[in-house]
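Participant: sequence first, then the predicted structure, then my questions.
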Amino acid sequence: MLIGFIIAYLLITLLIGWWASRRVHSTKDFVIAGRQLPLFVAASALFATWFGSETLMGASSEFVQHGLIGVMEDPFGAALCLVLVGAFFARRLYRLNILTFSDYFKGRFSRNAEFLSAVFMVPSYFGWIAAQLVAMAVILHTLTDIPFIAGIAICTIVVVIYTYIGGMWAVSITDSVQTVMILVGLLLIAWQVSDKAGGVERVLAATPEGFFRFTPHWNVHDVTHYIAAWITIGLGSIPQQDVFQRVMAAKNENTSVRSAYLSGFMYLTIGFIPLYIGLCSKLLYPDLQSGDPQMVLPQMVLQHSSTFIQILFFGALLSAILSTTSSAMLAPATVIGENLIKPYFKKLSDAKLLQTMRFAVVGVALSSALLASWKTNIYELVGQSSALSLVSLFVPLTFGLYWRRASNFGAILSMTLGMGTWILCEIIGTHIPSLIWGLLVSMGAMILGSLLRPNTTIAAESENAYDAE
């Protein structure tokens, strides 16, 4: 029965994608759903951007092992990112009426900055997508004994089909349905396991002293790693195309801001549910803790729950993984088409550009599937993907919006030196997290480069459109 439900669920997802494809008539429809999404759909799409395998499987296992201090990156950092987007970025970016973040870099800085930002942005998604494919493959193997590589292939094919045909419309509509499934499924499972464990008070009382410590020990190592955990997704995912597309897809400026705030609230509150379920599982079934920590929750549900609860849990898990994967595939495909291919084909029609973006979805999926077959730690894959955009794109984006003197030379220097510093520190190994060094160098390069070589001329309309108000 459980296997039949999974098959039916995947087929329904494909049908939704086919239905949504009837709304796609242009690149604007494919990329930002024609800017027509109402508040709940826009907020659900933003919420589903990251609420996937890392939150349900990776973060819950980190929480059980290391306590509250172990999940600053997710869900706290992810919720912070969404709130900051609503407070400081959504309104300004929505007014520009552009398709990608790299379009912003072109308008505010130069064609070279556009190209460089796209080159740095696209690879940052491969780890994220790979993490979701790994989770799906592990689940299918656990339930059906399907080989790991075959599981990756199945997940890739399903997501590619409905993303390819339906674009942002398919992603947004499925995200709305999947958000409801996630919430209902997790609440019912939490209620059941909490009741078995003796209630909330008993579960919390069984945790060791200091388990809910929110701040680090006051030494350089712990403080810097604590900061790194907050900003990996908290700042690093702000200049990400998947977040940007959801902000741009809202039906108006105010809806884009409100959807960011609402999704941040949803992420933080709903994100605590799998953490609590993880605590209950540790108390009820300590024998499961000796295996793969990422599989504790799936194994608990599979071995100790009714078929109905299994359907709810794996339905929620599949929903989270599919929604995250589809959005992550669409984002780099959009950048590839709009910013890496279109500029070199001046006569490229909108229909041809739409087809190019669809082909790019397939290419991104294949690249991510190869990475997934090589590296299988979900938490590490997600963290590395966010670090790429943090050290290269966050500073030029923020300074471009809020500092009038931010120059093209400063932006390019910031991206290249920030990325180079991060790579170097990753290779040699540093006591302070490499992404902090990369971020600091990126910021210093932006300021120094802009002061040493300011923009000589800026068109009046460019100033009005891209400079801070």
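Facilitator: Looks like it arrived, so ask away.

Participant: once you drop chain neighbours, what's closest to residue 30?
Facilitator: Leaving aside its chain neighbours, residue 30 sits nearest to residue 167 (3.5 Å; criterion: Cβ to Cβ, 6 or more residues apart in numbering). Placement of C-beta: from N, CA and C, glycine included.

Participant: contacts for stretch 91-104?
Facilitator: 27-28, 31-32, 107, 114-115, 117-118, 121, 239-241, 244, 247-248, 250, 253, 256-257, 334-335, 338-339, 393, 397, 400-401, 465-466, 468-469 (Cβ atoms under 8 Å, 6 or more residues apart in numbering).

Participant: report the buried members of those.
Facilitator: Buried members of the contacts of stretch 91-104, counted by 16 or more other Cβ atoms under 10 Å: 27-28, 31-32, 107, 114-115, 117-118, 121, 239-241, 244, 247-248, 250, 256-257, 334-335, 338-339, 393, 397, 400-401, 466.

Participant: can you tell me which of those residues end up in strands?
Facilitator: Per DSSP state E, strands hold no members of these.

Participant: quick one, helices of the stretch 101-250 of the chain?
Facilitator: Here the stretch 101-250 of the chain has its helices, by DSSP state H, counting those that start in this stretch, at 101-108, 111-121, 124-144, 148-197, 200-205, 220-234, 241-249.

Participant: which one of those is the most hemmed in?
Facilitator: The highest mean neighbour count among the helices of the stretch 101-250 of the chain, using mean count of other Cβ atoms under 10 Å, belongs to helix 241-249: a mean of 27.

Participant: quick one: that one to chain centroid distance?
Facilitator: 11 Å (Cα atoms, centre = their mean, to the nearest Å).

Participant: tabulate the CA atom coordinates of that helix in CSV.
Facilitator: Taking C-alpha atoms only, helix 241-249 is exported to CSV below (Å, rounded to 0.1, in the frame of the first residue of the first chain):
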residue,chain,number,x,y,z
GLN,A,241,18.0,32.8,-8.0
ASP,A,242,15.5,30.5,-6.5
VAL,A,243,14.6,33.0,-3.8
PHE,A,244,14.7,35.9,-6.3
GLN,A,245,12.2,34.1,-8.7
ARG,A,246,9.7,33.6,-5.9
VAL,A,247,9.9,37.2,-4.8
MET,A,248,9.4,38.4,-8.5
ALA,A,249,6.6,35.9,-9.1
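
Participant: show me what that helix is packed up against.
Facilitator: Judged by 3 or more Cβ pairs under 8 Å, 6 or more residues apart in numbering; DSSP states H and E, helix 241-249 is in contact with helix 27-32, helix 39-47, helix 90-94, helix 148-197, helix 253-284, helix 307-335.

Participant: what about the fourth one, average pLDDT?
Facilitator: Right, helix 148-197. The predicted model assigns helix 148-197 a mean pLDDT of 85.

Participant: what of the last one?
Facilitator: Taken as a whole, helix 307-335 has an average pLDDT of 81.

Participant: the first one now?
Facilitator: The average of the pLDDT scores along helix 27-32 is 87.

Participant: residues contacting it, please?
Facilitator: With Cβ under 8 Å, 6+ apart, helix 27-32 has contacts from 23-24, 34-35, 99-100, 167-169, 245, 248-249, 330, 334, 337-338, 350, 353-354, 357-358.

Participant: how about the secondary structure of residue 347?
Facilitator: Classification of residue 347 using DSSP: H, G, I helix; E, B strand; the rest coil returns coil.

Participant: let me see the backbone angles for it.
Facilitator: Dihedral pair for residue 347: phi -100, psi 20, per degrees, to the nearest 10.

Participant: against residue 368, how distant is it?
Facilitator: Look at residue 347 and residue 368: by Cβ to Cβ, to the nearest Å, they are 31 Å apart.

Participant: of these two, give the one with the bigger neighbour count.
Facilitator: Higher neighbour count among residue 347 and residue 368: residue 368, with 27 against 5, using other Cβ atoms under 10 Å.

Participant: tell me how far the more buried one lies from residue 179.
Facilitator: Taking Cβ to Cβ as the measure, residue 368 and residue 179 are separated by 23 Å.

Participant: follow-up on the earlier one: format the helices and strands packed on helix 241-249 as JSON lines; extra columns: distance to residue 433.
Facilitator: Below are those laid out as JSON lines (distance: least, Cβ to Cβ, whole Å):
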{"stretch": "helix 27-32", "distance to residue 433": "34"}
{"stretch": "helix 39-47", "distance to residue 433": "27"}
{"stretch": "helix 90-94", "distance to residue 433": "28"}
{"stretch": "helix 148-197", "distance to residue 433": "30"}
{"stretch": "helix 253-284", "distance to residue 433": "23"}
{"stretch": "helix 307-335", "distance to residue 433": "24"}
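
Participant: out of these, which is closest to residue 223?
Facilitator: Closest approach to residue 223 among the helices and strands packed on helix 241-249 (Cβ to Cβ): helix 253-284, 22.8 Å.

Participant: and the average pLDDT for that closest one is what?
Facilitator: 91.

Participant: wait, which of the helices of the stretch 101-250 of the chain is closest to residue 448?
Facilitator: Nearest of these (Cβ to Cβ): helix 111-121, 16.6 Å.

Participant: helices or strands next to the closest one in the packing?
Facilitator: Applying 3+ Cβ pairs under 8 Å, 6+ apart, one finds that helix 111-121 contacts helix 101-108, helix 307-335, helix 378-392, helix 408-428.

Participant: by how many degrees do the last one and helix 101-108 diverge?
Facilitator: When axes from the mean of the first three to the mean of the last three Cα atoms, to 10 degrees is applied, the directions of helix 408-428 and helix 101-108 differ by 140 degrees.

Participant: the chain should start at 6 in everything you say after this.
Facilitator: I'll keep to 6 as the first residue from here, and by that count the last item is helix 413-433.

Participant: using CSV, write out every CA atom in the one helix or strand residue 303 maps to.
Facilitator: Assigned by DSSP states H and E, residue 303 belongs to helix 301-309. Extracted C-alpha coordinates of helix 301-309, given in CSV (Å, rounded to 0.1, in the frame of the first residue of the first chain):
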residue,chain,number,x,y,z
VAL,A,301,16.5,7.8,12.1
LEU,A,302,13.1,9.4,11.3
PRO,A,303,12.4,7.3,8.2
GLN,A,304,13.4,4.1,10.0
MET,A,305,11.3,5.0,13.1
VAL,A,306,8.2,5.6,11.0
LEU,A,307,8.8,2.5,8.9
GLN,A,308,9.4,0.1,11.8
HIS,A,309,7.1,1.4,14.5
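
Participant: what is the neighbour count of residue 379?
Facilitator: As a burial measure, residue 379 scores 8 neighbours (other Cβ under 10 Å).

Participant: quick one, what contacts the most centrally placed residue in the chain?
Facilitator: Closest residue to the average C-alpha location of the chain: residue 55 at 3.9 Å, with Cα atoms, centre = their mean. Under the criterion of Cβ under 8 Å, 6+ apart, the neighbours of residue 55 are 79, 83, 238, 242, 272, 329, 387.

Participant: and it, that one's in a helix?
Facilitator: No: read with three-state DSSP, residue 55 is coil and lies in no helix.

Participant: and it, its phi and psi?
Facilitator: phi -120, psi -10.

Participant: next, find the distance separating it from residue 197.
Facilitator: In terms of Cβ to Cβ, residue 55 sits 26 Å off from residue 197.
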